[in-house]
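>>> turn this into a structure:
(chains A and B)
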Amino acid sequence: MTAAYKSVFDIIGPVMIGPSSSHTAGAAAIGHAARKIFRQVPRELTVRYYESFAETHRGHGTDYALVAGVLGLAPADPQVPNALALAQQQGLTVHFIEMAGTSPIEHPNTAILTLRAAQRTVTVAGCSIGGGTIEIRRITSDGFELTPTGPLPILLVWGAADNDQIIQEKLAKMTKIIRRQSYNTATKHLVEFDLERSLKQHEVASLQQHGADLVYL
Amino acid sequence: MQSYATIAELVAAATTANVSLSELMIQQEVANSGSSRAAVWTAMEQNLSAMAAAVKRGSTGAGVFSKTGLTGGEAVKLKQYRATHHSLAGDVMLMAVQNAIATNEVNAAMGVVCATPTAGSSGTLPGVLFMLQQRLQLTHEQMVRFLFTAGAFGMIIANNAMIAGATGGCQAEVGSASGMAAAAAVEAAGGTPAQAAEALALALSNLLGLVCDPIAGLVELPCVKRNAIGATNALVAADMALAGLTNKIPADEVVGAMKRIGQQMPAALRETGRGGLAATPTGIKMKMRIFGEERNFES
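Modelled structure (predicted):
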């Protein structure tokens, strides 16, 4: 089984704006992951909340935390509580929907984000498992439907099959690849790597040197 | 290097190698993260500073108050009481309570805290740590090590059970924090790794079954004062372990029990704001005052 908590700083940390690590810091992390997959500020964001998130998102500041993540703010940024106003200034329309019933990704702290801009729509289903740590369990993007194991870090590589072979070799020298999953549409190819440990910024940069189109979560 | 999967493994490794639990955690973090020892140490020092700042902020002046008005200003009340009264529990115990409440009041007021392991339980560790700083004259290094030791146990609890109120109730948050603090307090006081594990087992056993029933779903009532109990329970458990008392049920089995209890707990008592204190007439009134009408859910 994959350990969801990989670092001592998942337990002692993060340093964050209160009041809830799972409903605020974790929500911000889900928003940030969605933003990375979308690669830009969307024009429209729809958030569907389930179970504990549906019941308590207003009290916990989950709304502004998710939006802060989508806008790319750090968890301890003093602007986090003002994220809804910032979104409006940046032309981002936000909708929140409280869903009845159980989470489709089987966790009580679930938020499913749909990001839209022009022709593109991306859906990211994340859950906040406690202490600010999150899992991403479903991603729909560019015709792909991904079902990662959940725990981060996850590396997504778009492009040709030979390209991700080079990346896989380099990656294997950096950390253990827990799972490799490839997805194909008629015209495109995508590989998902679930990793044992976080990559350093320079390591991600060195993977990007191969001209790969990659997203590191 | 793999992470320690159980408390028994962690204690055995420390005992065999004759090194502290905090040292093992530092070594594991360096090996697993690919970061330098200096970077890992500095990152923990920054967390310690954030914790110290929250304790100070909550205990200074009139204190801090949440937007809802449900919590705030009570760490300062305790501070004044300590200065003017002969307390029942003793001053060091109340110092721990004050530190814990100060931190969680800052959290409820949407201030900056360090989640240990969660924001809702962020007062428990600093409650114990900053009291021990004075009581045991801890050095800066010992304080940083306290956090590594607490983190080592917290990782095992989080990976083998849970640390979110939504999945395991408050026992998973304040219960885990209290166990972590108890174990780290034992190391800070010069106890053995085996005693640290006993302290965790004692502290967590005492809080098993604790539900997560926040008023209006907010991390305020009863969360702030449950951290006072988390901190004091940790100190009592640490003292019991240092005195040679044992829990009889081993720490890993207590963590397993916590997991099963969490799984058996109804959703109303897992951070939905629908059961327990949240469902009392006064709790419901507070919720209506803050949020107004009940909501309709979409399917």
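>>> contacts, neighbours, all on C-alpha from now
Noted.
>>> host element of B:A181?
Per DSSP states H and E: B:A181 is located in helix B:176-188.
>>> what packs against that helix?
If you count contacts as 3 or more C-alpha pairs under 8 Å, 6 or more residues apart in numbering or on different chains; DSSP states H and E, helix B:176-188 packs onto helix B:124-135, helix B:140-160, helix B:193-207, helix B:223-242.
>>> could you pull up the mean pLDDT of that helix?
For helix B:176-188, mean pLDDT rounds to 98.
>>> now stretch B:129-149
The average pLDDT within stretch B:129-149 is 98.
>>> domain parsing for chain A?
According to automatic domain parsing, chain A comprises the domains A:16-141, A:151-217.
>>> and the closest residue to A:M16 other than its chain neighbours, how many neighbours?
Among residues not flanking A:M16 along the chain, A:A76 sits closest, at 4.3 Å (C-alpha to C-alpha, 6 or more residues apart in numbering or on different chains). Neighbourhood size, A:A76 [other C-alpha atoms under 10 Å in any protein chain shown]: 17.
>>> show me what contacts A:A76?
A:15-17, B:112 (C-alpha atoms under 8 Å, 6 or more residues apart in numbering or on different chains).
>>> can I take it that it is in a strand?
No - judged by DSSP: H, G, I helix; E, B strand; the rest coil, A:A76 forms no part of a strand; its state is coil.
>>> got a pLDDT number for it?
Confidence score, pLDDT, at A:A76: 83.
>>> what's the angle between the longest strand anywhere in chain A and helix B:140-160?
In chain A, with assignment by DSSP state E, the single longest strand is strand A:120-130. Angle, strand A:120-130 to helix B:140-160, by axes from the mean of the first three to the mean of the last three C-alpha atoms, to 10 degrees: 110 degrees.
>>> strands paired with strand A:120-130, and their directions?
strand A:109-117 (antiparallel), strand A:133-141 (antiparallel) (DSSP bridges).
>>> in JSON lines, list those strands along with mean neighbour count.
As requested, these are exported to JSON lines (neighbours: other C-alpha atoms under 10 Å in any protein chain shown):
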{"stretch": "strand A:109-117", "mean neighbour count": "25"}
{"stretch": "strand A:133-141", "mean neighbour count": "21"}
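>>> which one is B:L200 nearest to, not counting chain neighbours?
B:L200 sits nearest to B:G179 (C-alpha to C-alpha, 6+ apart), 4.0 Å away.
>>> quick check, the one you found in contact with B:A199.
Yes - the pair B:G179 / B:A199 is scored as a contact, 6.9 Å apart, by C-alpha atoms under 8 Å.
>>> just for chain A, where's the confidence low?
Applying pLDDT under 70 to chain A flags the ranges A:1-2, A:160-162, A:211.
>>> work out which residue lies at the spatial centre of it.
Central residue of chain A (C-alpha atoms, centre = their mean): A:A33, 2.3 Å from the mean position.
>>> element containing that one, please.
In the assignment (DSSP H and E), A:A33 maps to helix A:26-38.
>>> which helices and strands does that helix pack with?
In terms of contacts (3+ C-alpha pairs under 8 Å, 6+ apart), helix A:26-38 is packed against helix A:62-71, strand A:109-117, strand A:120-130, strand A:133-141, strand A:213-216.
>>> parallel or antiparallel, which strands does the shortest one pair with?
The pairing partners recorded for strand A:213-216 under DSSP bridges are strand A:154-158 (antiparallel).
>>> what sits up against the strand it pairs with?
A:164, A:188-195, A:212-217.
>>> what's the angle from the very next helix or strand once past it to strand A:154-158?
The helix or strand immediately downstream of strand A:154-158 is helix A:161-174, counting by DSSP H and E. Between helix A:161-174 and strand A:154-158, the angle comes out at 160 degrees (the same axes, to 10 degrees).
>>> please consider this matter closed, and thank you.
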